[in-house]
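Q: sequence and predicted structure below; questions after.
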Amino acid sequence: MDRSPVEARLFGALFVLGQHLNRYADDALERYGVTARQWLLLAVLVRGFPGERPTLSETAAAYGTSRQNVKQIALQLAARGLVELETDPRDRRATRLAVTPLVSGTFDAPEAARHQQEVVAGVFATLEDAELATFEQLIDRCLGTLNRSAAR
């Protein structure tokens, strides 16, 4: 089987899916005053680095973007009081990120948590449990490939 037409279609479809997902999330997150990109950065900090203060570089690697892009998003969040940027006391060249208590107050309140869960569930509502599990495995494998490529 020649996989290239299928791979090309899926490659493009992933970009289209990303665009739709970004717009969907932006609309859903408008009530919190954050964009999908900002929300994702907060999620990376809270879930990927619980109780830690990662550097911009560490955060960028987990987020899957450049250090400069993370800094731009973090500065937007800092202006809203959701993130603090701090110079590392041991390495003055490094900047560390920390979420503020306002994050949990904004996103962990019962109504907000329920709303976010409904937004996420809405994306996968038409998938059966087995399909969802397979989708998760496939995404993890694709992300693993991309992460290995980025590390080179």
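A: Yep, that arrived. None of these values were measured; they are calculated from a predicted model.

Q: could you list the domains of the chain?
A: Domain ranges of the chain: 17-101, 109-152, per automatic domain parsing.

Q: distance of residue 151 relative to residue 61?
A: In this view, residue 151 and residue 61 are 9 Å apart by Cβ to Cβ, to the nearest Å. Any C-beta I mention is one placed from the backbone N, CA and C, and that applies to glycine too.

Q: more crowded one of the two?
A: Ranked by neighbour count (other Cβ atoms under 10 Å), residue 151 and residue 61 place residue 61 first, with 18 against 7.

Q: need the pLDDT of the more buried one.
A: Here, the pLDDT recorded for residue 61 equals 91.

Q: what about it, helix or strand, and which?
A: For residue 61, the host element (DSSP states H and E) is helix 56-63.

Q: name the nearest residue to the residue nearest the centre of the chain, ignoring sequence neighbours.
A: For the chain, the residue nearest the mean C-alpha position is residue 40 (2.9 Å; Cα atoms, centre = their mean). Nearest residue to residue 40, sequence neighbours excluded (Cβ to Cβ, 6 or more residues apart in numbering): residue 63, at 6.9 Å.

Q: that neighbour and residue 110: what is the separation?
A: 28 Å.

Q: which of those two has more neighbours?
A: residue 63 (20 against 7).

Q: for the more buried one, what are its contacts?
A: 40-41, 44, 69-70 (Cβ atoms under 8 Å, 6 or more residues apart in numbering).

Q: ok, now which ones touch the spatially closest residue to residue 94 that is not a sequence neighbour?
A: Closest residue in space to residue 94, ignoring its immediate chain neighbours: residue 88 at 3.9 Å, by Cβ to Cβ, 6+ apart. Contact analysis of residue 88 by Cβ under 8 Å, 6+ apart lists 55, 94-96.

Q: out of those, which are buried?
A: Burial by neighbour count, judged by 16 or more other Cβ atoms under 10 Å, picks out 55, 95-96 from those.

Q: and the closest residue in space to residue 22 that isn't next to it in sequence, how far is that from residue 49?
A: Distances taken as Cβ to Cβ, 6+ apart put residue 36 closest to residue 22, at 5.0 Å, once the chain neighbours are dropped. Per Cβ to Cβ, residue 36 is found 20 Å from residue 49.
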